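> Fold the stuff below for me.
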Amino acid sequence: MTDTDQTRRPGPWENLPPAAPAEREIARPQAGEPPLDKGQHPVWAVVSTLLLGGFIWWASGSWVIAVAAIWGLLVHEYGHVLAMNALGMGPAKIYVIPFLGGVAKSQRLPVSEWHGVLVSLAGPAFGLLAAIPFFGLYIATGQGMWLSGVFIIAIINLVNLAPAPPLDGSKALGPVLALIHPMVEKAAMVAVGVLVIVWGVTNGSYIFAAFLGLALVGHLRRGAWRPDGRPLTWLEAGRSVGLFLAVAAACAGVALSGLMPVAGSLPDALALGASYFEFGR
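Residues are numbered from 1 along each chain as shown. The predicted structure is shown next:
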């Protein structure tokens, strides 16, 4: 997930004047501006990571899944950080949230919604690299337990692509939907958000469901759905959809590659993977 320390402009459905279309120059804070975010204190970062890892271990019953989830989370957030820094939004910082996950925070807003899309998709795309060591361990040892690490890393990135606030998918597809009509984005975000919350509750992921529920209510109350900066062009919207589908396909492909040796065939792997997203499983 991603976040920013800057105040966002009101959403377009509030019938307020849009921001100036011209891209603005990004500069380091000047005198009188808030100081740069120093990031999470190292001690609290370690404690938060241990709490999150311990919770995942307790919930899953597997230390491999716990290690893979923490490693996958850090690589995912570092993907956001790399994109933020490359696009003039840094120096970005990673925060680990006990029992929930992590967030990458920028120092300033993107100059355009296109940059926001790139930042949001950089996390899931780069995060798939975290599966490489687990593939290597499986090849070296022949032990199937390492494939569970591959699968959980892929699922972390795939679930983050759900277009529900505050997941990455909402920031990647939100500007595209808003370009069609502002209310289309709002309706889609609410519908998908409610669907994901119901999925979490029926599958026993109560903390995940509660987190998304609070985030959805927060978005509805503040009304600030659109980031500051130049809106997407139609060409950029097409590229955004294409990149989103490519990253989603890559996540699904890595997840299936972690299931194939266990399932034995592609149809069985597809069925096994689909069962993970069933309601009330």
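
> any idea which element G53 lies in?
Take DSSP states H and E as the rule and G53 turns out to sit in helix 42-60.

> Can you give me the buried ones in that helix?
Buried residues in helix 42-60, counted by 16 or more other Cβ atoms under 10 Å: 45, 48-49, 52-53, 55-57. Yep, even glycine has a C-beta here, placed from its N, CA and C like the rest.

> Turn these into a markdown table, including distance to V201 and pLDDT.
Formatted as a markdown table, these follow (distance: Cβ to Cβ, whole Å; pLDDT from 0 to 100):
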| residue | distance to V201 | pLDDT |
| --- | --- | --- |
| A45 | 30 | 87 |
| S48 | 25 | 89 |
| T49 | 27 | 90 |
| L52 | 21 | 89 |
| G53 | 24 | 90 |
| F55 | 18 | 88 |
| I56 | 19 | 89 |
| W57 | 23 | 91 |
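
> Closest one of the residues you listed to F99?
F55 (5.1 Å; Cβ to Cβ).

> Next one: the closest one from T202, what distance?
Computed as Cβ to Cβ, to the nearest Å, the F55 to T202 distance reads 20 Å.

> For G258, state which of the buried residues of helix 42-60 is nearest.
G258 lies nearest to I56 out of those, by Cβ to Cβ, at 16.9 Å.

> Show me how far stretch 114-128 is from its chain's centre.
Distance of stretch 114-128 from its chain centroid, counting by Cα atoms, centre = their mean, to the nearest Å, is 8 Å.

> I'd like the mean pLDDT over it, please.
Mean pLDDT, stretch 114-128: 94.

> what's the answer for stretch 98-105, then?
The average pLDDT for stretch 98-105 rounds to 86.

> ok, now stretch 60-78?
Here the average pLDDT along stretch 60-78 is 94.

> buried sites along that stretch?
Under the neighbour-count criterion of 16+ other Cβ under 10 Å, stretch 60-78 has 62, 64-78 buried.

> returning to that earlier point: counting by contacts, list what the helix holding G53 packs against.
Applying 3 or more Cβ pairs under 8 Å, 6 or more residues apart in numbering; DSSP states H and E, one finds that helix 42-60 makes contact with helix 63-86, strand 93-97.

> contacts for the shortest one?
Just to be clear, that refers to strand 93-97. Contacts to strand 93-97, defined as Cβ atoms under 8 Å, 6 or more residues apart in numbering, come from residues 37-40, 45, 48-49, 52, 73-74, 77-78, 81, 102-105.

> change it to 6 Å
Applying Cβ atoms under 6 Å, 6 or more residues apart in numbering, the contact partners of strand 93-97 are 37, 39-40, 45, 48-49, 77, 102-105.
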